[in-house]
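Undergrad: What follows is a predicted protein model with its sequence.
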Amino acid sequence: MGILVTGGTGYIGSHTVVELLEIGEEVIIVDNLCNSSIDVLDKIEMITGKRPVFYEIDLLDKEKLEFVFKEHQIESVIHFAGLKAVGESVKIPLTYYENNITGTLNLCKIMEKYECRNLVFSSSATVYGMNNTAPFREDMPLSTTNPYGTTKLMIENILRDLYVANHDWHIVLLRYFNPIGAHESGLLGENPKGIPNNLLPYVMQVAIGKLECLSIYGDDYDTKDGTGVRDYIHVVDLAKGHISAVEYARKHEGAEAINLGTGNGYSVLEVVKAFEEASHKHVNYRIAPRRDGDIAICYADASKAKKLLNWEAQKTIDEMCMDSYRFIEKLANA
């Protein structure tokens, strides 16, 4: 019996595949490679000594996706695949709705057909919207400020409805906060195509001279240094959270929302300083106007994950930055 990982060559997906292989799980990856590279498979094999089965398939291609279920006995699914850039989602909302929602509907229909009903879904803290006060708890009211976030919330609602209709489903909705860091080997990390949308990949590229300057959007928030505060979590901690979620889903019916975060917040300037100390590189930055839709403070109440999954984040912000720098340095020298 295998675990299907959609989006398994992506940043979080690839680290999760490594953790699955390390504990002896059989892994099948489906990915269209729109924001990842095929050489990730080589790196996974270098780390684990095992090469996962891989299919280059888009979830919108229902026939090819069903072929994977015909070929393999799939017991659980971890669903990462989806477009994820907030700004881009505002510009091309229909593409985001079609890709993220239709892809998930195709996946769930095929899972139902093949009686595979254990699902861990990659959701996001963006579903907490603008009106809640940190720390964010899973029982807070939900809302969104952009099409990307709306697709995550809509999929959560679809999956809840799926459970209501059929209590044989075992679903965990993992709400991530801000994944950063890289595998300690330096082989796997976040390497987005084009200009990075997230803070640390941008910082990394400024540090090695690939980009000229980091823009920090707003320094007048009601925070310790005026810059926005976020809950940054090491991607390996996050990957291990998925292992715990799969084990939980195997035993518990329902559609359970669970935060994956550290429960601590770091400001943008604190992250920049930590990266400078880890890399011994200077990071040029400038202060820019606030962006619409950004909130001052966002961090998790992670107590539910500890209670239900017996999981909590272990790695520090310094470790996150050191591992990130090791990855970008190795990539730049390749």
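TA: All right, it came through fine. Just so it is clear, the structure is predicted and the values come from calculations on it, not from any experiment. Residues are numbered from 1 along each chain as shown.

Undergrad: hey, let's count contacts and neighbours off CA atoms from now on
TA: Will do.

Undergrad: could you give the mean pLDDT of stretch 312-329?
TA: The pLDDT scores in stretch 312-329 average 97.

Undergrad: can you check stretch 222-238 too?
TA: Rounded mean pLDDT across stretch 222-238 is 97.

Undergrad: can you give me how far that stretch is from the chain middle?
TA: Centre-to-centre, stretch 222-238 and its host chain are 15 Å apart (CA atoms, centre = their mean, to the nearest Å).

Undergrad: Against which helices or strands is the helix or strand containing I12 packed?
TA: In this assignment (DSSP states H and E), I12 forms part of helix 11-22. On a contact count with 3 or more CA pairs under 8 Å, 6 or more residues apart in numbering; DSSP states H and E, helix 11-22 meets strand 2-6, strand 26-31, helix 40-48, helix 235-251.

Undergrad: Report the buried residues of that helix.
TA: 11-21 (16 or more other CA atoms under 10 Å).

Undergrad: Could you pull out the helices in the chain for me?
TA: 11-22, 40-48, 62-71, 86-91, 93-96, 103-113, 147-165, 199-207, 235-251, 268-279, 303-304, 317-333 (DSSP state H).

Undergrad: Against E256, how distant is A313?
TA: To E256, A313 is 19 Å away according to CA to CA, to the nearest Å.

Undergrad: now swap in I28 and tell me
TA: With distances taken as CA to CA, I28 is found 24 Å from E256.

Undergrad: hang on, the earlier thing: wait, which of the helices and strands packed on helix 11-22 is closest to N100?
TA: Judged by CA to CA, the one of the helices and strands packed on helix 11-22 that comes nearest to N100 is strand 2-6, at 11.8 Å.

Undergrad: now for the closest one, which elements pack on it?
TA: Secondary-structure packing of strand 2-6 (3+ CA pairs under 8 Å, 6+ apart): helix 11-22, strand 26-31, strand 74-79.

Undergrad: That strand pairs with which strands, and in what direction?
TA: strand 26-31 (parallel), strand 74-79 (parallel) (DSSP bridges).

Undergrad: Per the annotation, how does this protein divide into domains?
TA: 2-181+232-263+302-313, 199-229+264-299+318-333 (automatic domain parsing).

Undergrad: Can you give me the end-to-end span of the shortest one?
TA: Put plainly, it is domain 199-229+264-299+318-333. Taking CA to CA as the criterion, the two ends of domain 199-229+264-299+318-333 lie 22 Å apart.
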